[in-house]
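J.: Compute the structure for the input listed below.
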Amino acid sequence: MTTTPPRTLDLGPTLRALRRRADLSQRELADRSGVPQSTIARIESGGSRDPRFRTIERLVGAMAAGLTISLEDPTDHGAATPGLPAVPHEELRDSAGRHCPAHLDARAVHEPRDWRGAWWAGWYDLPPERWPAPLPLVTYDQDRAVRDRRRAGERVRRAVRIRRVTGVDLPATSWRFVAELPDGELVGELRAHERNVDFLAPYDLPGRREVVLDGVLVAIAHRWLGIGRRLLDALVAEMDRTGTDTAYAIGETGGIRFLLSCGFRLEAAQPAALRLVRPFSAAPGPPRSAR
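T.: Predicted coordinates for the structure are as follows:
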């Protein structure tokens, strides 16, 4: 007769995940729960094999007041607690040789701009041998407001969906893509239009389809999350689906760098960009030459 072994729960990852969601350090949790910080550290590191139920109850209550939490087998749900994601970057945190509390989000440092301590990186470029301080392998934000903004951004990044808008209100030559959150909030938009490739050509160009990119807009609160790139990726996917071989765009300053990073290439042989600016006035007046 075969018996199924009892399921066990690894409390360490569970408590770290709860503490991260509550954004509490071990010292702050100790103050709230009355459980010594050394006990919390032993439980999270696996050093305390059989903590008292009352101790766990006090810790969970301090981190999730007013909530009812059911602890189940993590192998059934991919996390220590249903609906509670595991602490990210655990391997990065442990292998970096730098103390990073579990309630803070560890980030790898690849270049000076990834590290807030590199105050000198934003002013001028320095070769690595002249950096005034070595870069750590991992960094994190101690400012809770900064952490909240980053985590909110990550939630938006995971939740946003891209779709093309079609319907009777749009002409067939209009290409409109939107980035939306599950509640319908519009956070980004891309607009383009097909152009007639035969318009100035002295001969017929069968099968040729081209679009002109009118613009990519992303809400200020949700910029730098990759939403603009995802909108461009949707445009490229639609080009492949419809057999449209070329997309044209005009960019300035940061827009040029953005389009280049998305696969566009500068074409110096193209015509110059022209601009027509109409003056605004309360009432029409006589021509300048008649005044």
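J.: Show me the shaky parts of the stretch 1-150 of the chain.
T.: Across the stretch 1-150 of the chain, the ranges flagged by pLDDT under 70 are 1-9, 49, 65-99, 102, 122-125.
J.: mind listing what the residue most central in space within the chain touches?
T.: The centroid of the chain falls nearest to L225 when counting by CA atoms, centre = their mean (3.5 Å). Counting by CB atoms under 8 Å, 6 or more residues apart in numbering, L225 touches 153, 156-157, 160, 218. (C-beta placed from N, C-alpha, C; glycine too.)
J.: Likewise for D148?
T.: Here D148 is in contact with no residue (CB under 8 Å, 6+ apart).
J.: what's the following helix or strand after the helix or strand harbouring it?
T.: Counting by DSSP states H and E, the element that carries D148 is helix 144-159. Reading on from helix 144-159 to the C-terminus, the next helix or strand found by DSSP H and E is strand 161-165.
J.: So which residues make contact with that next one?
T.: By CB under 8 Å, 6+ apart, strand 161-165 touches 175-182, 230-231, 233-234, 238.
J.: Distance to R195 added to the residues you listed, as CSV?
T.: Formatted as CSV, the contacts of strand 161-165 follow (distance: CB to CB, whole Å):
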residue, distance to R195
W175, 11
R176, 16
F177, 18
V178, 22
A179, 24
E180, 27
L181, 32
P182, 35
R230, 24
L231, 20
D233, 22
A234, 19
E238, 15
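J.: which of those residues lies closest to R278?
T.: Nearest to R278, judged by CB to CB, of the contacts of strand 161-165 is R176 at 25.6 Å.
J.: where does that closest one land in three-state SS?
T.: Under the three-state scheme (DSSP: H, G, I helix; E, B strand; the rest coil), R176 adopts strand.
J.: That one contacts D169, doesn't it?
T.: No - proximity of R176 to D169 does not meet the contact threshold set by CB atoms under 8 Å, at 10.0 Å.
J.: For the two, indicate the residue with more neighbours.
T.: More crowded of R176 and D169, by other CB atoms under 10 Å: R176, with 16 against 7.
J.: Please list all residues in contact with that one.
T.: 164-165, 170, 189-192 are the contacts of R176 under CB under 8 Å, 6+ apart.
J.: one more time with 6 Å, if that's ok
T.: Neighbour list for R176: 165, 191 [criterion: CB atoms under 6 Å, 6 or more residues apart in numbering].
J.: And it, how far from G188?
T.: 12 Å (CB to CB, to the nearest Å).
J.: V35 too?
T.: 45 Å.
J.: mind listing the helices for the stretch 1-150 of the chain?
T.: Using DSSP state H, counting those that start in this stretch, the helices of the stretch 1-150 of the chain run over 11-22, 26-33, 37-45, 53-63, 90-95, 144-159.
J.: What residues of the longest one count as buried?
T.: Taking 16 or more other CB atoms under 10 Å as the neighbour-count basis, helix 144-159 is seen to contain the buried residues 147, 153, 156.
J.: Now render those residues as a markdown table, adding distance to L276.
T.: Putting the buried residues of helix 144-159 into a markdown table (distance: CB to CB, whole Å) gives the following:
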| residue | distance to L276 |
| --- | --- |
| R147 | 48 |
| G153 | 39 |
| V156 | 38 |
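J.: thinking again about what came up before, using CSV, lay out the helices of the stretch 1-150 of the chain together with distance to S261.
T.: Formatted as CSV, the helices of the stretch 1-150 of the chain follow (distance: least, CB to CB, whole Å):
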stretch, distance to S261
helix 11-22, 32
helix 26-33, 41
helix 37-45, 40
helix 53-63, 41
helix 90-95, 25
helix 144-159, 17
